[in-house]
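# this one's sequence-less:
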């Protein structure tokens with residue numbers, strides 16, 4: 001279809017992010033990004049037809065004022081443009097989903113407060129009230145326990161109610177978009193079932209969904225995303241399961257697995273590095289155990 005459009009409108013503009021050009025009718029396409037067709041080149045009937053087969057895109061102030069990094073992440077996460085993944089960077093990132101329940105707090109004030117706390121992060125708005133903070137993994141990364149104090153500070157300074165969902169860390173690869181979307185879906189479900197929730201972590205959310213029987217398919221997706229590429233590493237998953245079933249006693253688990261204790265610790269560290277789950281901590285160990293058992297059940301079907 002894109003080739004046909006190019007033939008019909010030779011002056012068509014194709015861009016990877018919105019351009020400050022109000023002389024065009026803009027459309028968004030997941031494969032080709034943003035498509036602009038000069039208004040003078042299109043008649044009313046042509047526009048009516050294209051509005052049916054393509055998704056019209058209206059430029060707004062937020063999108064026009066995005067930084068280069070914000071454009072990349074917005075296109076990837078909210079427009080589903082997978083081609084932007086190559087520009088997202090390297091390393092691992094986590095998504096801090098937020099919902100700002102206030103009509104009075106300006107985006108400028110909220111953004112300033114976020115960047116004061118996360119100087120190197122990228123903030124992307126989804127709509128007027130919600131969005132995501134993209135934070136790269138570093139040695140000084142904040143822990144989930146820090147966010148209780150953070151949300152108190154933000155609410156006090158902004159006079160607003162705020163909800164946060166602290167996601168897992170993911171490497172920049174083709175699975176990142178699906179991981180983000182499943183986290184966002186989880187946040188939406190918990191916002192309905194736990195409306196007084198102020199801050200929750202990925203592990204807490206996963207446990208809550210499992211225990212309440214909410215959305216089994218979403219639980220399965222979260223489990224796969226949580227374990228990442230380890231779903232085929234049966235040896236490592238078995239090691240983690242035995243360690244947890246041994247009440248996190250490394251000596252007992254090492255004997256059961258016929259491993260030296262140092263080898264066991266190496267595997268625990270490897271699991272932590274890949275999944276961001278520290279099974280030496282109760283909440284993470286419970287999440288990991290439930291995810292492993294859930295995938296075991298699926299593999300038997």
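Structure's in. What do you need? Because the structure is a prediction, the values reported are computed rather than measured.
# Quick check: the gap between residue 105 and residue 95.
21 Å (Cβ to Cβ, to the nearest Å). No exception for glycine: its C-beta is placed from N, CA and C like everyone else's.
# These two: who's more crowded?
residue 95 (25 against 20; other Cβ atoms under 10 Å).
# Helix, strand, or coil at that one?
Of the three states, residue 95 takes strand according to DSSP: H, G, I helix; E, B strand; the rest coil.
# Run through the residues that contact it.
Neighbour list for residue 95: 77, 132, 133, 134, 135, 167, 180, 183 [criterion: Cβ atoms under 8 Å, 6 or more residues apart in numbering].
# Please tell me how far it sits from residue 145.
Distance of residue 95 to residue 145, computed by Cβ to Cβ: 18 Å.
# now do residue 244
Summarising the geometry, the distance separating residue 244 from residue 145, computed by Cβ to Cβ, is 21 Å.
# who's more crowded, these two?
For residue 244 and residue 145, the more surrounded residue by other Cβ under 10 Å is residue 244, and the numbers stand at 19 against 8.
# Walk me through the domains of the chain.
Domain assignment for the chain, taken from automatic domain parsing, gives 2-59, 64-211, 228-300.
# Please state the offset of the first one from the chain centre?
In other words, domain 2-59. Distance of domain 2-59 from the chain centroid (Cα atoms, centre = their mean, to the nearest Å) equals 29 Å.
# all helices for the chain, in order.
Using DSSP state H, the helices assigned to the chain run over residues 2-8, 44-53, 61-64, 68-78, 107-117, 147-158, 176-193, 202-212, 216-227, 234-245, 250-257, 261-275, 282-300.
# burial measure for residue 173, as a count.
The burial count assigned to residue 173 is 12, neighbours taken as other Cβ under 10 Å.
# quick one: contacts for the closest residue in space to it that isn't next to it in sequence?
Of all residues beyond its chain neighbours, the one nearest residue 173 is residue 85 (7.2 Å), with distances taken as Cβ to Cβ, 6 or more residues apart in numbering. Residues touching residue 85, when contacts are defined by Cβ under 8 Å, 6+ apart, comprise 76, 172, 173, 174, 176, 177.
# Go ahead and confirm residue 159 touches residue 102.
Yes - counting by Cβ atoms under 8 Å, residue 159 touches residue 102, with 7.4 Å between them.
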